[in-house]
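*Asks:* Predicted coordinates and the sequence they were generated for:
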Amino acid sequence: MIRVTGLVQGVGFRPFIHRLATRHHLHGWVENRNDCVLISVNSNKQIINQFCADLIKQAPAASSIQEISVEKDGAGHFSAFEVRESRDVTNEVTEISPDIAVCEECLADMRNQPHRIGYPLINCSHCGPRFSIIRDLPYDRSQTTMSGFEMCPECQREYSEIKDRRYHAQPVSCNRCGPVYSLDLGGSVTSDPEKILQYVAAALNDGKLLAIKGTGGFHLACDALDPGAVGRLREIKRRNGKPFAVMFRNVDCARAYVRISSREEEVLTSWRRPILLLRKIKACSEGIADGLNRLGVMLPYMPFHHLLFERVDTPALVMTSGNISDEPIAISEPELERRFGRYVDGVVSYNREIHNRIDDSVAAVTGDDLLVMRRARGYAPAPIRTGFVLEGILGTGAELTGSFCIGKGRNAIMSQYTGDLSNAGNFNFYTEAYHRFCRLFRFTPHLVVSDLHPDYMSTRFAEQLSGENPAVRHIRVQHHHAHLASVMLEAGLDEEVIGFSFDGNGLGTDGHGWGGEVMRADFHHFDRLYHFEYMPLPGGDAAVREPWRMGISYLYALTGERVSTLGVPLVHAIGKASIDRVISMIQKGVNVPAVSSAGRLFDAVAAITGLSYTSGYTAQAPMLLESAINESEKGSYLFEINGQQVSFLPLIEGVVGDLQRKTDTGTISARFHNTLVELIIHLSRRIRSQTGLEKVVLAGGSFQNSYLVKKVKEKLAENRFDVYISSMLPVNDQGIAAGQAVLGAHMWKKEKEAHHA
Ligand code: ZN
Ligand code: FE
């Protein structure tokens, strides 16, 4: 008996086994269980081993095998290889496949198969929607949003024929029986695919804005080379400068605008089809990613996208989430109409309902390493396999980039990205997603783990869950410790490490806002060895939206009341009155929390150099600062270590001096980044000499900065450190939920041991 666990259902696994067994001349059977795929064949050990080796090597692209175990069984005599009906034998759950981009074979079928010529929702057992349409398990058509569509005889035949690529493809459909696209032109609705495509192509060529239903929600689309259209899109999204993602016709078209390494091409063309941040070589239209050195690029992933690019003139379309600023992406026509109905020149939809809302994912490649920054379509809800027992544990995450993580066995299953939870719509999305995960994965929490911050909605959610049920224990863990734990979980590092946890803000155990934290940590505890010097944050949250305030805060700490006399761009731009107001706030100590934040240091330097005075979106100032780097510059500034505190006043002094000497911002930015690299190397060496620790973990949103990560990795490796950063778990606050879960698991275990002792 061969037992295969992992992501092996809903990805064409049984037909694959059938083909493989036939090729190996094996007789027996394969069947789906809830928790695995079971195969029985009668043959000798050597042939079975060869069969298993081929099984691993040739498995369908979207499958992911966790474990194969072979045990002897008294298999009967078989005269053929058959696929048996699915059986539900345990309450354990097989994994749920993420949504899969349309495959090449389906694109070919769309031109050849009589009943699927130009069918814009074509799919097979290797591709198509999965998570977005699933309501419950087992994964069967009746449990998906395809339940209302009855298969025509032809689709039924394909669905039932083991040799067919559409064998048990739950969303299988065609022009005769499947869901259809429709176009609403404000009153008149057409569902003729050719008419729709012609209209859409003509409208986009004309600089119009359209809403187009995607896999996990609506996109707003326009010609990415048309500044007028892009400008109008920006207005209706009410989005201040936040970059738009661009979908290119194909890789070659993208190459005219961005640099693509072979590793990046691999990610870009993978079945997951994330938005990949790529180095710009030429801008698309103004208004897409102004001031940034990277552009978010994706390739067509739905059949409709491919059909559209055959007809539209432009090689590049803006495809941005159909939401206003940071709300959830719209998934239904009424939701879309309410927000954008009046502003778009057409709504293209289809009548297969999206059950699970899910945005496009965002990722980047640094060196050869993939870093997922927004974990959503194509990634969620695939599990992260860990070496730790996480069963029954829920991490509720942080706030700004919401997400939760449930533990099933040794798997950490992250929810899709749910946005800023301080927004009521996002919080509803988050709680709805949670209840759906409970049902889909048969999850019941015994332990909920939240942040320390009492005002995070995720903390309140944890309080509510444990308040409703006294059997549910609630543990709170520190934000930056959880960041480190998230990386350690993915890397399997159950030991003490040197940790750099750099981000915008997270509540510390002393009640202050932390974010420039150097820790010695394992899964049980952390020691805060060093941290960025506490600085006044004038106006609290207002200073997060207005980096100029942080610039003044640093300049005031450096020069006292002489700030207004410094000849730097910030002072000229902001003016004496505002500067004096902020200084007086700092002096009086009114609404000026103390923070040790790396994010705010980036803000201050971006403001002082004149790159960013106000922030239209999270991390805008740090992103502009990174984009400005002159990579040939090797210089750096000074820092000072006073006890546990790292002071950057010498760095600020260096920046001011450079500005007074009219040094260009690219050089200043490089020197600033190089200083942080040197600080990390310096502290790593110092901690190693005191503790013997050699493993360095980088965590927190600041490490989305690819220059910083690349340099730090290089220099740490030169100094013989082992460096770890996350890959499939976002390094930003979305990844925190997984870190919380693993910390909670260890703390809880210790508690129980103490109790029994
Ligand atoms: Zn396919
Ligand atoms: Fe954080």
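*Replies:* Nice, I can see it. Ligands and ions are numbered 1, 2, ... in the order given.
*Asks:* tell me the domain ranges of the protein?
*Replies:* As given by automatic domain parsing, the domain ranges for the chain are 2-83, 96-179, 181-362, 383-477+731-755, 535-687.
*Asks:* The shortest one near ligand 1 at all?
*Replies:* Okay, so that is domain 2-83. No - Domain 2-83 is not in contact with ligand 1 by C-beta under 5 Å from the ion; minimum separation 8.7 Å. Every C-beta, even on glycine, is put in place using the N, C-alpha and C of the backbone.
*Asks:* Surely Trp548 forms part of a helix?
*Replies:* Yes - looking at Trp548 with DSSP: H, G, I helix; E, B strand; the rest coil, it is inside a helix.
*Asks:* so what's the closest residue to ligand 2 within the stretch 601-750 of the chain up against?
*Replies:* The stretch 601-750 of the chain approaches ligand 2 most closely through Asp733 (4.4 Å), counting by C-beta to the ion. Neighbour list for Asp733: Gly397, Ala398, Glu399, Leu400, Thr401, Asp503, Gly701 [criterion: C-beta atoms under 8 Å, 6 or more residues apart in numbering].
*Asks:* Helix or strand: which one has the third one?
*Replies:* Going back to what we said before, that points to Glu399. Remark: Glu399 resides in no helix or strand, with elements defined by DSSP states H and E.
*Asks:* so what pLDDT did it get?
*Replies:* Note on Glu399: pLDDT of 97.
*Asks:* gap between it and Phe500?
*Replies:* 22 Å (C-beta to C-beta, to the nearest Å).
*Asks:* Have a look at those two and say which one is more surrounded.
*Replies:* Set Glu399 next to Phe500 and count neighbours by other C-beta atoms under 10 Å: Phe500 wins out with 28 against 22.
*Asks:* coming back round to it: switch the contacts of Asp733 over to CSV; also include distance to Phe244.
*Replies:* Supplementary listing: the contacts of Asp733 in CSV, determined by distance: C-beta to C-beta, whole Å:
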residue, distance to Phe244
Gly397, 26
Ala398, 25
Glu399, 25
Leu400, 20
Thr401, 19
Asp503, 25
Gly701, 21
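*Asks:* Among these, which one sits closest to ligand 2?
*Replies:* Asp503 (3.6 Å).
*Asks:* show me the contacts for that closest one.
*Replies:* Contacts of Asp503 (C-beta under 8 Å, 6+ apart): His480, His483, Gly515, Ser597, Ala598, Gly599, Gly700, Gly701, Ser702, Asn732, Asp733.
*Asks:* quick one: which of the domains of the chain has the weakest pLDDT on average?
*Replies:* domain 2-83 has the lowest average pLDDT among the domains of the chain, namely a mean of 87.
*Asks:* I figured Gln416 hits Tyr434, correct?
*Replies:* No - applying C-beta atoms under 8 Å, one finds Gln416 not in contact with Tyr434, separated by 11.2 Å.
*Asks:* Show me which of the two is the more surrounded one.
*Replies:* Gln416 (29 against 20).
*Asks:* Check which helix or strand that one maps to.
*Replies:* For Gln416, there is no enclosing helix or strand under DSSP H and E.
*Asks:* Return the distance of it relative to ligand 1.
*Replies:* 23 Å (C-beta to the ion, to the nearest Å).
*Asks:* who touches that residue in this structure?
*Replies:* Contact partners of Gln416, counting by C-beta under 8 Å, 6+ apart, are Gly216, Asn356, Arg357, Ile358, Asp359, Arg375, Ala376, Arg377, Ala380, Pro381, Ser403, Ala433.
*Asks:* The fifth one - that's part of a helix, no?
*Replies:* No - the secondary structure assignment for Asp359 gives coil rather than a helix, going by three-state DSSP.
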